[in-house]
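Student: sequence and predicted model, in that order:
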Amino acid sequence: MVINWEMMTVFTVFFVAVTALGFWAARWRAGDLRRLTEWGLAGRRFGSVITWFLMGGDMYTAYTFMAVPALVFAQGAQGFFAIPAFTLMYPIALIFMPRFWTLARHRGYVTTADFVQERFGSKTLALIIAVTGILATMPYIAIQIYGMQVVLAQMGFPVEYALIIAFVILSAYTYFSGLRGPAVIAIVKDISIWIIVLVAFFSIGSRLGGLDKIFAAVPIEKQTLAPQQLSAYATLVIGSAFPLFLYPHAITGILSTNSRKVVKRTAAFLLAYTFLQGMLGLLGFMAIAASIKASPIYQTNSILPALFDTLFHDQPWFTGFAFAAICIGALVPAGIMSIGAANLFTRNIYREYMRPQCSEREEANMAKTVSFVVKLGAMAFIFFFPTTFAINLQLFGNVWMLQTLPAVFIGLFTNWFHRLALIVGWAAGMIIGTWMMISSLPKSVFHFP
């Protein structure tokens, strides 16, 4: 594709400015970044406003901006399962997260594996929780990197070079700034995304003649669920709602707060983002009405960038700004995810099995190194995992994280479960869940024989 230099200039200037902000964040609310609680949890000092932006940037990712509109475009109403899933997620968080925060603050937990080890007295179970969290985080990070790849390809930029640059920037600001970097960038990212989605939704809707004409252009079978889709839709909702606050990046965001009240307040007000996600889903229908064609390389995953590029071809500066915001919207959660996974490895594998006597400084340095390695692991998912629907990367992670729910969520209220039963249940769930996901590819639904 021919590069539009106005679009590219706006994209580059905005992206570079926000990235520089990520490096500056190391000095923001300065702490000793040689300590894991400072590097990985920002000293547990974030209040309501910062936490709202941080968790919004953490939970609403390239999955929201790219994968959901792509699924709506391809499969219609079934793609809207993310709306009730993210709505249910916050009542679930209000039940479990304040209690977990209180225990973590008093007992010094940094990860869910810390809690599980003390709760059930099992190093093996804690190791399983840590490995599962790291494994499930990699495909989630892969969605972020893949989303950036699709956007850069839409602009005509050489994708290989662009991915290397984005990877280096992500790794560098995470290494030097820790959680403070994503937190500062999340403020800019969230404001930008809200502006872009609101402008795009009403502007594109107007250009296409209003919502009535948009829905008239969408095949009727895509506007409602067929009877055979109901069970799949329900399980997608439930199976997506429960694991989201089990992920290491969600736990990292929760534990960075300064009070139990902040956790409750943030969970309540984050529902505003579900409204944003609904508008993004409808952009998939707008792409159908605008006759957008799927990319032969990136398939339906390219729908949202292609829609912006087509409908705002007369305003390339806005498209450049939108693409920069989407890429930044992928960098923020990728940074938090790699930090959460690094915390798990350092606390529950490295310190527990390799270097029990390691100093705080050594612990923090190891976490910084592991955050880089986790991103490399995510790259492997992009190269070897079928990306017909990028959303499958996140669904894989959900299946794996669900196997930790009995030990973590239910374990918050009782230690009645036997640790061996939890280990056997985890193993059975991992094997069966992984087999079901692989056998259902490239679609997102498993059909029993």
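Tutor: Looks like it arrived, so ask away. Note that the structure is a prediction, hence the values are computed from the model and not measured.
Student: host element of the closest residue in space to residue 65 that isn't next to it in sequence?
Tutor: Nearest non-adjacent residue to residue 65, counting by C-beta to C-beta, 6 or more residues apart in numbering: residue 326, 5.3 Å away. Heads up, the C-betas are built off the backbone N, CA and C, glycines and all. Taking DSSP states H and E as the criterion, residue 326 maps to helix 316-345.
Student: now that helix: buried residues?
Tutor: For helix 316-345, burial by neighbour count (16 or more other C-beta atoms under 10 Å) applies to 316, 318-345.
Student: what's the spacing between that helix and its chain's center?
Tutor: 9 Å (C-alpha atoms, centre = their mean, to the nearest Å).
Student: flag every buried residue along whichever helix or strand comes after that helix.
Tutor: Sequence-wise, the next helix or strand downstream of helix 316-345 (DSSP H and E) is helix 360-384. For helix 360-384, the neighbour count (16+ other C-beta under 10 Å) marks 362-368, 370-372, 374-375, 377-379, 381-382 as buried.
Student: state the mean pLDDT of the helix or strand residue 161 falls within.
Tutor: Here residue 161 sits within helix 159-177, counting by DSSP H and E. Helix 159-177 shows a mean pLDDT of 75.
Student: do stretch 376-394 as well
Tutor: 69.
Student: now stretch 326-339
Tutor: 85.
Student: dump it to PDB, restricted to CA.
Tutor: Provided in PDB are the C-alpha atoms of stretch 326-339 (Å, rounded to 0.1, in the frame of the first residue of the first chain):
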ATOM      1  CA  ILE A 326      -5.400   2.000  19.000                       C
ATOM      2  CA  CYS A 327      -1.700   1.100  19.000                       C
ATOM      3  CA  ILE A 328      -1.200   2.800  22.400                       C
ATOM      4  CA  GLY A 329      -4.300   1.000  23.600                       C
ATOM      5  CA  ALA A 330      -2.400  -2.200  22.800                       C
ATOM      6  CA  LEU A 331       0.900  -1.100  24.400                       C
ATOM      7  CA  VAL A 332      -0.700  -0.200  27.800                       C
ATOM      8  CA  PRO A 333      -2.300  -3.600  28.600                       C
ATOM      9  CA  ALA A 334       0.700  -5.500  27.100                       C
ATOM     10  CA  GLY A 335       2.900  -3.700  29.500                       C
ATOM     11  CA  ILE A 336       0.700  -4.400  32.500                       C
ATOM     12  CA  MET A 337       0.300  -8.100  31.400                       C
ATOM     13  CA  SER A 338       4.000  -8.600  31.100                       C
ATOM     14  CA  ILE A 339       4.500  -7.100  34.600                       C
END
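Student: looking at it, the residue nearest to residue 65 is touching residue 62, isn't it?
Tutor: Yes: the pair residue 326 / residue 62 is scored as a contact, 7.3 Å apart, by C-beta atoms under 8 Å.
Student: find residues that contact each of those two.
Tutor: Counting by C-beta atoms under 8 Å, 6 or more residues apart in numbering, the contacts common to residue 326 and residue 62 are 147, 148.
Student: so, low pLDDT: which residues of the stretch 1-150 of the chain?
Tutor: 1-2, 29-30 (pLDDT under 70).
Student: where do the helices sit along it?
Tutor: 5-24, 36-39, 48-59, 62, 68-75, 82-107, 112-120, 123-154 (DSSP state H, counting those that start in this stretch).
Student: what packs against the fifth one?
Tutor: The helices and strands touching helix 68-75, judged by 3 or more C-beta pairs under 8 Å, 6 or more residues apart in numbering; DSSP states H and E, are helix 272-289, helix 303-311, helix 391-402.
Student: skip ahead from the last one and say which helix or strand is next.
Tutor: Put plainly, it is helix 391-402. helix 405-408.
Student: please compute how far that next one lies from its chain's middle.
Tutor: So, by C-alpha atoms, centre = their mean, the centroid of helix 405-408 is 21 Å from its chain's centroid.
Student: can you check stretch 126-146 too?
Tutor: With C-alpha atoms, centre = their mean, you get 11 Å for stretch 126-146.
Student: and residue 217, which of the helices of the stretch 1-150 of the chain is closest to it?
Tutor: helix 68-75 (12.3 Å; C-beta to C-beta).
Student: can you check what angle separates the closest one from helix 391-402?
Tutor: Here the directions of helix 68-75 and helix 391-402 differ by 110 degrees (axes from the mean of the first three to the mean of the last three C-alpha atoms, to 10 degrees).
Student: ok, residues contacting helix 68-75?
Tutor: Contacts for helix 68-75 (C-beta under 8 Å, 6+ apart): 78-80, 82, 222, 277, 280-285, 287-288, 292, 294, 300-304, 307, 389-391, 444.
Student: got the contact list for residue 194?
Tutor: residue 276.
Student: any buried residues in the strand or helix carrying it, and which?
Tutor: In this assignment (DSSP H and E), residue 194 forms part of helix 180-207. Buried residues in helix 180-207, counting neighbours by 16+ other C-beta under 10 Å, are found at 180-190, 192-193, 196-197, 200-201, 204-205.
Student: report the rounded mean pLDDT for the helix or strand that comes right after that helix.
Tutor: Sequence-wise, the next helix or strand downstream of helix 180-207 (DSSP H and E) is helix 211-217. On average, the pLDDT along helix 211-217 is 92.
Student: name the next helix or strand downstream of helix 211-217, please.
Tutor: helix 220-223.
Student: pull out the buried positions in that next one.
Tutor: residue 222.
Student: likewise for stretch 285-301?
Tutor: Quick answer for stretch 285-301 (16+ other C-beta under 10 Å): 285-290, 292, 294-295, 298-301.
Student: now do stretch 169-182
Tutor: Buried residues in stretch 169-182, counted by 16+ other C-beta under 10 Å: 169-171, 173-182.
Student: kindly report the same for stretch 428-438.
Tutor: Neighbour-count burial for stretch 428-438 [16+ other C-beta under 10 Å]: 429, 430, 433, 437.
Student: work out for me the element residue 313 sits within.
Tutor: Residue-wise, residue 313 maps onto no helix or strand under DSSP H and E.
Student: state the distance from it to residue 15.
Tutor: 21 Å (C-beta to C-beta, to the nearest Å).
Student: the two: which has the busier surroundings?
Tutor: Ranked by neighbour count (other C-beta atoms under 10 Å), residue 313 and residue 15 place residue 15 first, with 21 against 11.
Student: OK, contacts around that one?
Tutor: By C-beta under 8 Å, 6+ apart, the neighbours of residue 15 are 324, 327, 328.
Student: for the closest residue to the last one other than its chain neighbours, report the pLDDT, please.
Tutor: The one in question is residue 328. Once flanking residues are discounted, residue 328 sits nearest to residue 189: 4.7 Å by C-beta to C-beta, 6+ apart. pLDDT recorded at residue 189 is 85.
Student: contacts only, for residue 189.
Tutor: 18, 57, 325, 328, 329, 332.
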